[in-house]
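**Q** got a sequence here, can you model it:
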Amino acid sequence: VHPTSSRTLNFLRRLRDYEDAVGMLCYRASDESKSNALSDSDMLEEKKYRFSLIRKVVEILDGLKVYLETLAKGAAKTSAALGWLFLINNYHYIYEGISTD
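**A** Presented below is the predicted three-dimensional model:
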């Protein structure tokens, strides 16, 4: 497993301890709060914060995926099988880390 995968999942696990505060920060920093895309009547404040946090977590995981695929392409130059093995191993690690939490 690539160290970046491990560090990213550890970071996301630590964010859970401060889920409410981080969600509020994500919401306030996002365009949602400025554009009022989610009006007060649509969702409670807590749900808005949670939704913003989930969006940021998805963005982080998407960035990790792109990074791992870039690394796998470099490994594929020497062996396509190693590139696929690298990706599968990391994807499995991420999946297991997310589903057990």
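
**Q** where does the protein dip in pLDDT?
**A** Across the chain, the ranges flagged by pLDDT under 70 are 30-46, 101.

**Q** now with 80?
**A** Residue ranges of the chain with pLDDT under 80: 20-21, 24-50, 76, 100-101.

**Q** as a check, name the ranges of all helices in it.
**A** 3-16, 19-29, 31-35, 45-76, 80-100 (DSSP state H).

**Q** could the ones you listed go into JSON lines alongside mean neighbour count?
**A** For the C-beta atoms, the positions are set from N, CA and C on the backbone; glycine is no exception. Formatted as JSON lines, the helices of the chain follow (neighbours: other C-beta atoms under 10 Å):
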{"stretch": "helix 3-16", "mean neighbour count": "14"}
{"stretch": "helix 19-29", "mean neighbour count": "16"}
{"stretch": "helix 31-35", "mean neighbour count": "11"}
{"stretch": "helix 45-76", "mean neighbour count": "15"}
{"stretch": "helix 80-100", "mean neighbour count": "14"}
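
**Q** and L64, how far is that from S6?
**A** 11 Å (C-beta to C-beta, to the nearest Å).
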